[in-house]
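> how would this look folded up:
(2 chains)
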Amino acid sequence: KQEVTQIPAALSVPEGENLVLNCSFTDSAIYNLQWFRQDPGKGLTSLLLIQSSQREQTSGRLNASLDKSSGRSTLYIAASQPGDSATYLCAVRWNYGQNFVFGPGTRLSVLP
Amino acid sequence: NAGVTQTPKFRILKIGQSMTLQCAQDMNHNYMYWYRQDPGMGLKLIYYSVGAGITDKGEVPNGYNVSRSTTEDFPLRLELAAPSQTSVYFCASSYPSGANVLTFGAGSRLTVL
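Presented below is the predicted three-dimensional model:
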């Protein structure tokens, strides 16, 4: 069965820290993986998309890596800010399907 | 503005009523999706469509129906609403291949009493 898990479920850090969010998936035959941000009561905003052939993608203070062989992706946030507080979700599309499977998310709080 | 538009944003239904959640996109995306998100949970796929006239079930399709008569529109029909269908519903769309970033609507919050 296609499954996506995320650890930790929640994370609280002081402002300025670098942090890592983890996403694990079953079956390495993925097409791509996306990271999203969701603010409370809002929709999802795409942060980064990593194609199956790529190892990482960067956007500003965000860096996402992909290791298909171990079934893992990490989202690295540098110099965290209170405005980064949100829930971060990863979603995987496998080669043999057209849909995306989401993880449960990591709720991040960055304290001033 | 280009994107995915969902209506209504909020709705309260009584048990047994029916309604349709509307979703429209103006990006000429082939793929469209309906997800539901329960409190504190990730998103679960209800139905999806890879093009006009083609739909398929996702993980949690029971109690719902969809149609895709045009590329732009993908309405979700709730028949005989039940309290278990209280949730936030998200519509999304993407291109079928390449850097197919999934673009989401703002969501529709449904309460069934």
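> only C-alpha atoms from now on, for both contacts and neighbour counts.
Fine.
> any idea of the pLDDT on residue A:79?
Per-residue pLDDT puts residue A:79 at 97.
> do you know how far the spatially closest residue to residue A:6 that is not a sequence neighbour is from residue A:34?
Computed as CA to CA, 6 or more residues apart in numbering or on different chains, the closest residue to residue A:6 that is not its neighbour in sequence is residue A:23, at 4.6 Å. Using CA to CA, to the nearest Å, one gets 10 Å for the distance from residue A:23 to residue A:34.
> list the contacts for residue B:40?
residue A:104 (CA atoms under 8 Å, 6 or more residues apart in numbering or on different chains).
> need the three-state assignment for it.
State at residue B:40, reduced to three classes by DSSP: H, G, I helix; E, B strand; the rest coil: coil.
> which residue is it, in chain B, that comes closest to chain A?
residue B:42 (3.9 Å; CA to the nearest CA).
> need the contact list for that residue.
When contacts are counted by CA under 8 Å, 6+ apart, residue B:42 touches A:89, A:102-105.
> how deep is the residue nearest to residue B:43 when sequence neighbours are not counted tucked in, by neighbour count?
Distances taken as CA to CA, 6+ apart place residue B:37 nearest to residue B:43, at 4.7 Å, with adjacent residues excluded. Neighbour count for residue B:37, taken as other CA atoms under 10 Å in any protein chain shown: 18.
> pLDDT wise, what is residue B:37 at?
Per-residue confidence at residue B:37 stands at 96 (pLDDT).
> contacts only, for residue 77.
You didn't say which chain, so I picked chain A. Residue A:77 touches A:18-20, A:61-63, counting by CA under 8 Å, 6+ apart.
> let's do chain B instead
With CA under 8 Å, 6+ apart, residue B:77 has these contacts: B:18-21, B:64-66.
> make a PyMOL selection of the buried ones in these.
Listed next is the PyMOL selection for buried residues among those, using 16 or more other CA atoms under 10 Å in any protein chain shown:
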select buried, chain B and resi 21+64+65+66
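> mind telling me what element the most centrally placed residue in chain B is part of?
For chain B, the residue nearest the mean C-alpha position is residue B:34 (3.0 Å; CA atoms, centre = their mean). Element membership for residue B:34, per DSSP states H and E: strand B:31-37.
> packing partners for that strand?
strand B:43-51, strand B:87-94 (3 or more CA pairs under 8 Å, 6 or more residues apart in numbering or on different chains; DSSP states H and E).
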